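Following is a predicted model, sequence given first.
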Number of protein chains: 2
Amino acid sequence: MFQSYTTSSDPGQGASRVALLRANLKETGLDGFLVPHGDAHQSEYLAPSEQRLAWLTGFGGSAGFAIVLADRAAIFVDGRYTLQVRDQVDLDIFEPVAIAEILPGAWLKDNAPEGSRIGYDPWLHTRAGIAGLEKACADRNVVLVPVAANPLDAVWTDQPAPPTGRVSLQPEELAGEIAQDKIARIAKIVAEKKAASAVLTQTDSIAWLLNIRGSDVAHNPVALSYATLSAKGAVHLFIDERKLGNSVRAALAPFVEIAGYGEFTDHLAKLGRDGQAVLLDPASCGKAVADAIETSGGTVIEGTDPVTAPKAIKNAAEIAGTKKAHVRDGAAVSRFLAWLDREAPGGAVDEISAAKALEGFRAETGALKEISFDTISGAGPNGAIVHYRVTEETNRPLDLNSLYLCDSGGQYADGTTDITRTVAIGEPTAEMRDRFTRVLKGHIAIATARFPKGTPGAQIDGLARIALWKAGLDFDHGTGHGVGVYLGVHEGPQSISKRSTVAFEPGMIVSNEPGYYKTGEYGIRIENLELVRPAEAIPGGDREMLGFEPLTLVPFDQRLIDIALLDADERAWLDAYHARVRAEIGPLLEGEDKDWLNRATDPI
Amino acid sequence: MFQSYTTSSDPGQGASRVALLRANLKETGLDGFLVPHGDAHQSEYLAPSEQRLAWLTGFGGSAGFAIVLADRAAIFVDGRYTLQVRDQVDLDIFEPVAIAEILPGAWLKDNAPEGSRIGYDPWLHTRAGIAGLEKACADRNVVLVPVAANPLDAVWTDQPAPPTGRVSLQPEELAGEIAQDKIARIAKIVAEKKAASAVLTQTDSIAWLLNIRGSDVAHNPVALSYATLSAKGAVHLFIDERKLGNSVRAALAPFVEIAGYGEFTDHLAKLGRDGQAVLLDPASCGKAVADAIETSGGTVIEGTDPVTAPKAIKNAAEIAGTKKAHVRDGAAVSRFLAWLDREAPGGAVDEISAAKALEGFRAETGALKEISFDTISGAGPNGAIVHYRVTEETNRPLDLNSLYLCDSGGQYADGTTDITRTVAIGEPTAEMRDRFTRVLKGHIAIATARFPKGTPGAQIDGLARIALWKAGLDFDHGTGHGVGVYLGVHEGPQSISKRSTVAFEPGMIVSNEPGYYKTGEYGIRIENLELVRPAEAIPGGDREMLGFEPLTLVPFDQRLIDIALLDADERAWLDAYHARVRAEIGPLLEGEDKDWLNRATDPI
């Protein structure tokens, strides 16, 4: 079982832990310390050894930032966590701050004594992040001081050891391109940027480049590691060597120089001493990396991680693999929805048992490596919490005549899935059906869009919303994010939102997930993953056009559709999609599950 | 008459003029010189005295850049001008370069001898522009040298004098806010940026701030001038004082310190000597401005021109004024279209006579100050040239069974208009009607959109295109630009394009002008100006929404509409729009013009 439903935090421990930290800071002459949620790799999920913010404060959310001063401390959270943080931290120790209202820099300026020296771990902050804080409190002569060793690691006496998850090879038939060829491609990009080397600190970039997968953190099959890649194609990998078995080591040896994780800094210093110009991504690279290069005589070229764009464009093997994964996953999710239809109206299902059942159906495929993220299993009003994570405390039964929203995914060796379905338990109201249908219209508008090369996500985002906008409604999240192939369920550079400036290219995968949320009542989200591909030419058309092909194959709940709100094209798309679901998923189902699928995919 | 239809350029003069420039450069020890299209104010239209590029090269386009070296010279133009430039310059002297393929910096790197000293006029280039060029050719030790006096002004012996167009006051009933109040508002923004002063070099910003209008350049009612505004509200205006009559001088005297245009540099040096932090807009401010401040001891704070955002949000008086202007202009354009319907099928109209007739109908309103820009009067294949400007050489008759595209506007004391209509002369083909209707669907999608606060133009741009995209078609320009009130017909910060990140706010004006262009055959564009305003609340809606109200009131050509392609909502919008046109414009028309309007606004 991959998901836990307990809350491990205990606000009561905050006071003693903060006291330990303050004592340590005093010894080293610091007046405060910055504690971000994050590791040196901008990992989406943190290894237990990296959960310093949670250990210190008790706060268990997926994003946050604490500042501890000698006599006060604050924890900054976004809108998702303003309620949760109050339950999880000791409010006598930590002042919860909404980061949308007061930024850490502004708080520091108002609260740090004139001339304070505030420490930070330079591996956990970007240069721009530190520069922004410094600028915000420059008036107060507050100085930010990088520390050589994180004081939290000194006072956290039972800190777990860093993970040593085994690394495996991603076989060529799934990766579609051998690592040596990828290295040659990326080295060329490094040379074009006029850099002698590039530093890679993002673990999914390293996994993709070397065709390896890891098991250090939850949900993302990556290994905590660093790498450098020279413009001539020489690769150095810095990783705890216990993670590497003989076969992996043998496979990498011909073209990768392997060294310990701790030797990365020395290597950066060597690049610097060689006078190299080194490419690094300022958005994800810790300040320590740039500093190590520059202080030893090198220069830094700031630019996007050179793996990001090539990784986003899936090759034929990756596309074939993820299509197989989506059929397999679609059958598991369909079995789950069939089970739900049988069980839920009787009152026997709650959010946790539903999530467990879904994980079980996925596990029964025999191919599940992990779930892609903690399942969002939201009944009734919990469905309206966009990033809801069910715990024993919040668990709700799936009540009759309510909506149930389930956003989940699986990691398989051949692909990564991410799907959201919203279903009626019992009888939905007319309002629920109206809202569901408007969300569906937005989903179909994206699914059926065709657009010229060069179109970025921002330009089509409004198509997903206009049916809601016309009713005075909207949703407060992006319409879609990039997705990897047996890698991160969130990856760049493409996305669909008002801020998406990256043009779609064939081979990209993006989610299509408009929603509607009525606080305290219900939530609706409809999500398929879409593959970007060339659109068929149209007689009379004079442009090369792209379009989407749905990868996800699971029926939509027709009980929630108000057919009168759909136009003929939308109805035709829906029927064609359901026919495809029946044709591709049907053969994998049996008995009452198959009967359910046939009913669920009937033409409307 | 405001528009000329002649081409004044003569390629034959290029050789002798370039020889004069080269001799001058040799004397001053320079190996080359940069000649941009532009003045110190980033003016859209240049005063005759500022048309150095045209004088030197013969090229008459609205954007371009020349580099003259000792033994070679190049002229860089964008895609609109790649053909035109070859007719207008001496190809023995100037190598035409497509700027999309080779940037000036790359050309300089490949062509300037090692160690060259290339001069430039620091008033005509931004800091970023010069830095980019320096970076591009740093390998070659090419040095860019600012000159104190532009050598072109030395060799251009019959250079026209700078304009001395009279300045007038924009009355309070049209401006809606007295200048002192505007100054107080903008001074607050300057203070918030922690600047002691702001420099304004954009003439429309100065015109808006001081409620003045000028007549120095074509089409834009602005005065060539600079201004500074202190955070305490002190204003200095630098302008050729011959432009100011006694009443203007008396009106400004209480709150504006007036000095000569040439005294601006000394004033910047004074701000510097006072140690001021000075806000300037790096996108529009000449490098000379920043240099003058810094070399005398001041500091520069880079930021958007503080007038830009407030100017974009029109107040009640400006909105009332521009509505009146649009009714007046709509009647003039309707009379033109009625005349065209009577005259064109007989074969008696060509592009120039049409543009002259349109200007005549606008002039007959008795209120026309200027046309907003050179009318784009494109018959048949000329309609497919997006930025077409008719000359005696290109003039075409409006042939039977073709399309005619007319994009034009008027400057009135109470508002600025910009309208495009495409009409059938004789019988349109089925393809023309299909394309026109798809463009119209895009236009209606924008006109009827409602969207939450915070929506930028990029997010709705796709709505204007999806009907074309579905047919494999698109158009290669933005969907809309901001428009002033008796000011620039192009102004920021809002726009509708895939790159528009600025959120709409009530009171902004934006054009809505999708199109379709079939090279060598015909062009279609449909443009209304739209006012951003709060949308009426919808029962059940839970968001504060914005929407558009069309300002432009002129019928669309129903002969070009394929009704079967419109849905019921689109048909209803069209009939309601035409009913409004009839109600508001009808009372201003008489006789056969009125009969024409009644027919043109019949429900479909």
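Yep, that arrived.

ok, the residue lying closest to A:Ala40 once chain neighbours are set aside to chain B distance?
Of all residues not flanking A:Ala40 in the chain, A:Trp123 sits nearest, at 4.1 Å (CB to CB, 6 or more residues apart in numbering or on different chains). The C-beta positions use only the backbone N, C-alpha and C, and glycine is treated the same way. Counting by CB to the nearest CB, to the nearest Å, the gap from A:Trp123 to chain B is 31 Å.

A:Trp123 belongs to a strand?
No. A:Trp123: not assigned to a strand; according to DSSP: H, G, I helix; E, B strand; the rest coil it is coil.

count of residues packed around it?
Residues within reach of A:Trp123, counting by other CB atoms under 10 Å in any protein chain shown, total 19.

and the residue found closest to A:Gln276 once you drop the neighbours it is linked to in the chain, what does it touch?
Leaving aside its sequence neighbours, A:Gln276 sits nearest to A:Ala196 (CB to CB, 6+ apart; 4.0 Å). Counting by CB atoms under 8 Å, 6 or more residues apart in numbering or on different chains, A:Ala196 makes contact with A:230-231, A:271, A:274, A:276-278.

Mind doing that once more with 7 Å?
Applying CB atoms under 7 Å, 6 or more residues apart in numbering or on different chains to A:Ala196 gives the contacts A:230-231, A:276-278.

which residues touch whatever residue of the stretch 1-150 of chain A ends up closest to chain B?
Proximity of the stretch 1-150 of chain A to chain B (CB to the nearest CB) peaks at A:Asp139, 9.8 Å away. A:Asp139 makes contact with A:Lys109, according to CB under 7 Å, 6+ apart.

looking at this, it is in a helix?
Yes. Assessed with three-state DSSP, A:Asp139 lies in a helix.

Next, find the distance separating it from A:Lys109.
To A:Lys109, A:Asp139 is 7 Å away according to CB to CB, to the nearest Å.

Could you do A:Ala148 as well?
Distance from A:Ala148 to A:Lys109, by CB to CB: 26 Å.

More neighbours: which of these two?
Neighbour comparison, A:Ala148 and A:Lys109: the larger count goes to A:Lys109, with 17 against 8 (by other CB under 10 Å).

helix or strand right after the one helix or strand that one maps to?
Counting by DSSP states H and E, the element that carries A:Lys109 is helix A:104-111. Using DSSP H and E, the helix or strand that follows helix A:104-111 towards the C-terminus is strand A:117-120.

how about the CA coordinates for that next one, as PDB?
Backbone C-alpha positions of strand A:117-120 (Å, rounded to 0.1, in the frame of the first residue of the first chain) are rendered in PDB as follows:
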ATOM      1  CA  ARG A 117      22.400  37.800  10.700                       C
ATOM      2  CA  ILE A 118      20.000  35.300   9.400                       C
ATOM      3  CA  GLY A 119      21.300  31.900   8.400                       C
ATOM      4  CA  TYR A 120      20.200  29.700   5.500                       C
END
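
what comes into contact with it?
A:25, A:29-34, A:108, A:112, A:130, A:142-147, A:151.

Compute the inter-axis angle for the following helix or strand past that strand and helix A:104-111.
Per DSSP H and E, strand A:117-120 leads on to helix A:127-136 as the next helix or strand towards the C-terminus. Helix A:127-136 and helix A:104-111 are oriented at 30 degrees to each other (axes from the mean of the first three to the mean of the last three CA atoms, to 10 degrees).

what's the distance between the very next helix or strand once past helix A:127-136 and the middle of its chain?
Following helix A:127-136 in sequence order, the next helix or strand is strand A:143-146 (DSSP H and E). On the basis of CA atoms, centre = their mean, to the nearest Å, strand A:143-146 sits 30 Å off its chain's mean C-alpha point.

got it, and stretch A:576-586?
The answer for stretch A:576-586 is 29 Å, by CA atoms, centre = their mean.

next one: stretch A:218-235
When distances are taken as CA atoms, centre = their mean, stretch A:218-235 is centred 18 Å away from the chain's centroid.

Show the average pLDDT along it.
Mean per-residue pLDDT for stretch A:218-235: 97.

Helix, strand, or coil at the closest residue to chain B within the stretch 351-500 of chain A?
Taking CB to the nearest CB as the measure, the point where the stretch 351-500 of chain A comes nearest chain B is A:Gly472, at 1.7 Å. Three-state call for A:Gly472 (three-state DSSP): coil.

Kindly report the same for A:His326.
Look at A:His326: counting by three-state DSSP, its state is helix.

Contact residues of chain A facing chain B?
By CB under 7 Å from any CB of the partner chain, the residues of chain A that approach chain B are A:449-452, A:455-456, A:458-463, A:466, A:469-474, A:498, A:537-538, A:540-543, A:545.

isn't A:Tyr45 right next to A:Gly214, touching?
No. In this structure A:Tyr45 lies outside contact range of A:Gly214 using CB atoms under 7 Å: 12.0 Å.

For the two, indicate the residue with more neighbours.
A:Gly214 (22 against 17).

show me what contacts the more buried one?
Contacts for A:Gly214 (CB under 7 Å, 6+ apart) come out as A:165, A:167, A:207, A:221-223, A:243.

Excluding residues flanking it in the chain, which one is nearest it?
Closest residue in space to A:Gly214, ignoring its immediate chain neighbours: A:Ala223 at 2.7 Å, by CB to CB, 6+ apart.

What of A:Asn141?
The spatially closest residue to A:Asn141, leaving aside those adjacent along the chain, is A:Gly115, at 4.7 Å (CB to CB, 6+ apart).

With that, I have no additional questions.
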